[in-house]
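**Q** fold the stuff below for me.
(one chain, ligands or ions: 1)
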Amino acid sequence: MIVNPPKITVLGCSGSYAKKGGACTGFLVQSPGANVWLDAGPGTLGNLQKHIEISDLTAIVLTHEHADHWLELPVVYNAIRHYVMCGQIPVYGTQGTMKLAKQMCPVLEEAFNWNVIKDGSREVIGDQSWRWSQTDHYVETVASRVEVGESSFVFTADTGPNWDVNTLGESVSLAISESTFLACKEDEGILHLSARQAAELAKKIKADHLVLSHLAPGEDRVQHENQASEVFDGRITVATAGDQYSF
Ligand SMILES: [Zn+2]
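**A** The predicted structure follows:
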């Protein structure tokens, strides 16, 4: 399958739990040489298969062990062991996520080849160069930067405001940031970002396009976009499952 230029498809973007008819966090990152599933939140497997077959996956990247970011993996395990028979899929995930996955998938290696990632890890997956930076969250969590030739994007995963996005460099075409709540909650010490903080981050990394994701169910999309646009001058999109963005 030739995918040129590289693109990202939103498989789910609800924060913490799925909104009505929605799915938790997940993206499909496609380039001419790789199909990578970035975060496998509940509800994203069905959406993934609208675009590719499970056997077409080059790898799966999991940012952290919170349930809304990876719990489709034990279901993919069922699929690979009993139905799809495509052999091991490489998984790049944190130590904590691997520990939980081993509890739920007793013979993990029958479906997956697990590679532990942490702050500073780098991997080349097909024609995609990935690197990770540990964020400011309740459990070990990694943000990702992906480069394909001259194209690049950053995905914050989950983070509080004390993570420095520039640990992943500068100047990206696309920044997908969590935007869990509005500015009125910033003082509560929650290790997630507001729309305003997401916009600060996009400005700092000189993104052309900011995508706001991980909105908690019930959040007002228009207010998220408005608060972000007060800070960031580039293009802003509030994510919807099925959206595709080139980068
Ligand atoms: Zn989390």
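
**Q** so the residue lying farthest from the centre of the chain versus the ion, what's the distance?
**A** Centroid-distance maximum for the chain: His82 at 27.2 Å, with C-alpha atoms, centre = their mean. From His82 across to the ion, the span is 30 Å (C-beta to the ion, to the nearest Å). All C-beta atoms are positioned from the backbone trio N, CA, C, and that covers glycine.

**Q** that residue should be in a helix, yeah?
**A** Yes. Under DSSP: H, G, I helix; E, B strand; the rest coil, His82 sits within a helix.

**Q** the ion contacts on the protein?
**A** Residues of the chain found near the ion (C-beta under 5 Å from the ion) are His66, Asp158.

**Q** go with 6 Å
**A** His64, His66, His137, Asp158 (C-beta under 6 Å from the ion).

**Q** state the pLDDT value of the second one.
**A** Taken from the predicted model, the pLDDT recorded for His66 is 98.

**Q** same deal with the third one?
**A** The predicted local confidence for His137 comes out at a pLDDT of 98.

**Q** ok, Val3 next?
**A** Val3 is given a pLDDT of 64.

**Q** the strands in the chain, which residues?
**A** Taking DSSP state E, the strands of the chain run over residues 7-12, 26-31, 34-38, 59-62, 89-93, 112-116, 122-125, 128-134, 142-148, 151-155, 174-178, 209-213, 235-238, 244-246.

**Q** where does pLDDT dip in the protein?
**A** 1-3 (pLDDT under 70).

**Q** from Ala228, how far out is Ala202?
**A** Look at Ala202 and Ala228: by C-beta to C-beta, to the nearest Å, they are 8 Å apart.

**Q** these two: who's more crowded?
**A** Taking other C-beta atoms under 10 Å, Ala202 and Ala228 do not tie; Ala202 has more neighbours (30 against 27).

**Q** so what sits opposite the closest residue to the more buried one other than its chain neighbours in the bridge?
**A** Nearest non-adjacent residue to Ala202, counting by C-beta to C-beta, 6 or more residues apart in numbering: Leu210, 3.9 Å away. With DSSP bridges as the criterion, Leu210 is bridged to Ala175, Ile236.

**Q** looks like Leu210 contacts Arg196 (just checking).
**A** No. With contact taken as C-beta atoms under 8 Å, Leu210 and Arg196 are classed as non-touching, separated by 11.6 Å.

**Q** overlap of the contact sets of these two?
**A** Jointly contacting Leu210 and Arg196 under the rule C-beta atoms under 8 Å, 6 or more residues apart in numbering are Ala228.

**Q** neighbour count winner among the two?
**A** Leu210 (28 against 23).

**Q** hmm, back to that, buried subset of the residues of the chain next to the ion?
**A** Among those, those buried by neighbour count (16 or more other C-beta atoms under 10 Å) are His64, His66, His137, Asp158.

**Q** so what's the last one up against?
**A** Shown here is Asp158, whose contacts under the criterion C-beta under 8 Å, 6+ apart are Thr63, His64, His66, His69, Thr135, His137, Thr141, Glu178, Leu191, His192, His214.

**Q** Val29 now?
**A** Counting by C-beta under 8 Å, 6+ apart, Val29 has contacts Pro6, Ile8, Asn35, Val36, Trp37, Leu38, Gln128, Val146.

**Q** so the second one sits right up against Phe27, yeah?
**A** Yes. The pair Ile8 and Phe27 qualifies as a contact (C-beta under 8 Å) at a distance of 5.3 Å.

**Q** okay, the two: which has more neighbours?
**A** More neighbours surround Phe27 than the other of Ile8 and Phe27, with 29 against 24 (other C-beta under 10 Å).

**Q** distance of the more buried one relative to the ion?
**A** Counting by C-beta to the ion, the gap from Phe27 to the ion is 15 Å.

**Q** right, I'll call it a day here.
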